[in-house]
Each structure stands twice: as C-alpha cells, then as structure tokens.
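*Asks:* below are the sequence and a predicted model; questions follow.
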Amino acid sequence: MKLHELKPNEGAKKRRKRVGRGISAGQGKTAGRGTKGQKSRSGGGTALWHQGGNLPFFRRLPFKRGFTPPFRVFYNEVNVYQLSGFRKGSKVTPETLAEARLLKDDHSPVVILGEGEIEKALKVSAHRVSNGARAKIEAAGGSVEIIEL
C-alpha cells in the first residue's frame with residue numbers, strides 16, 4: 001500500500017447539499033428555510049444574548065462601579081503583640097507563624113504591624129514590616145529581616 005492508494009471508507013465522505021439552486025436540486029426556492037420570518041432572511045436570527053422579550057441577563061445584574069486590580073497582593077497581617085507567644089531569641093518566620101496558627105492563608109506574604117507591645121528580643125523575618133513595628137522590635141533588642149517576594 002502506498003500513500004496515493006489510500007482512500008476513505010465507503011460512505012464516509014458525503015457531498016455537501018447546495019441549497020437554493022433550483023427545484024430539481026431538491027432544496028430550491030426557499031432553500032430549506034421555510035417561508036418568511038426573521039430566520040428566513042439573510043443575516044436573520046437574534047443576537048446571542050437575546051431572551052425573547054425578557055429583561056436581558058446583563059441588565060438584571062446590579063450596576064457595579066470601579067475596578068478590581070487583578071494582581072493585588074493580600075498580606076497576612078500579624079501585629080507585634082501576637083509575637084509575645086514566641087520564646088526569647090527565637091526566629092519568627094512565615095513558617096513558624098503558620099505553625100502558631102497566626103496566618104489566615106499560608107501562601108500569602110506576611111506583614112508585621114505595630115499594634116501592641118513586645119518585651120522579648122526576637123529575630124523577625126517577614127515580607128513587609130511597618131516602621132512602628134520595626135522600632136518596637138529593635139527597641140526590645142530584636143532584629144528585622146525583609147524577605148523578597
């Protein structure tokens with residue numbers, strides 16, 4: 001068998017029906033469209049969203065204003081007073097915060113905020129640290145390290 005000898009199976013290929021080519025062709029005059037009406041006309045039919053007199057779907061929805069930025073970063077917020085559960089001199093990382101169940105979402109970056117007080121010296125590593133939180137951690141004898149996103 002050679003490439004030029006290949007043929008489709010018997011009955012697999014069917015000639016297309018040429019409509020509107022006279023009565024002897026079997027699909028003449030109205031060309032299978034019936035008589036009159038919107039669907040019989042050229043370009044006839046309704047738009048995809050047409051609902052036959054019902055209020056269209058997009059008009060039933062509330063009018064939503066504004067813009068939602070698609071690449072917004074949501075941070076896990078941890079305040080300074082929440083770090084009081086860690087031992088003196090221990091390292092505070094997103095992993096240790098997740099173990100202490102202080103994070104809402106383990107995959108989001110962490111920001112340390114300055115609400116509350118801290119007396120222990122801790123080595124804090126986070127993606128972001130507010131100026132107030134940094135001042136309180138360093139005043140207690142700790143250190144702050146920023147993790148790149």
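*Replies:* Thanks, I have the structure now.
*Asks:* list the contacts of the helix or strand bottoming out on mean pLDDT in the chain.
*Replies:* Among the helical and strand segments of the chain, the one scoring lowest on mean pLDDT, DSSP states H and E is helix 57-60, with a mean of 87. Contact partners of helix 57-60, identified using C-beta atoms under 8 Å, 6 or more residues apart in numbering, comprise Trp49, Gln51. C-beta: built from backbone N, CA, C; applies to glycine.
*Asks:* can you map out the strands along this structure?
*Replies:* Secondary structure of the chain (DSSP state E): strands at 76-79, 91-92, 110-113, 123-126, 128-129, 143-146.
*Asks:* select, out of those, the one closest to Asn54.
*Replies:* Nearest to Asn54 among these is strand 76-79; the distance by C-beta to C-beta comes to 45.1 Å.
*Asks:* and that closest one, average pLDDT?
*Replies:* Strand 76-79 carries an average pLDDT of 96.
*Asks:* who are the packing partners of that strand?
*Replies:* Packing partners of strand 76-79 (3 or more C-beta pairs under 8 Å, 6 or more residues apart in numbering; DSSP states H and E): helix 94-99, strand 110-113.
*Asks:* again, only using 6 Å
*Replies:* When contacts are defined as 3 or more C-beta pairs under 6 Å, 6 or more residues apart in numbering; DSSP states H and E, strand 76-79 packs onto strand 110-113.
*Asks:* adjacent strands (with direction) for the strand it packs on?
*Replies:* strand 76-79 (parallel), strand 128-129 (parallel) (DSSP bridges).
*Asks:* may I see the buried residues of it?
*Replies:* Buried residues in strand 110-113, counted by 16 or more other C-beta atoms under 10 Å: Val110, Val111, Ile112, Leu113.
*Asks:* quick check: mean pLDDT across that strand?
*Replies:* Averaged across strand 110-113, the pLDDT comes to 97.
*Asks:* do stretch 37-48 as well
*Replies:* Regarding stretch 37-48, the rounded mean pLDDT is 90.
*Asks:* in JSON lines: the strands of the chain, plus distance to Ile137.
*Replies:* Listed next are the strands of the chain as JSON lines, based on distance: least, C-beta to C-beta, whole Å:
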{"stretch": "strand 76-79", "distance to Ile137": "12"}
{"stretch": "strand 91-92", "distance to Ile137": "9"}
{"stretch": "strand 110-113", "distance to Ile137": "8"}
{"stretch": "strand 123-126", "distance to Ile137": "6"}
{"stretch": "strand 128-129", "distance to Ile137": "8"}
{"stretch": "strand 143-146", "distance to Ile137": "6"}
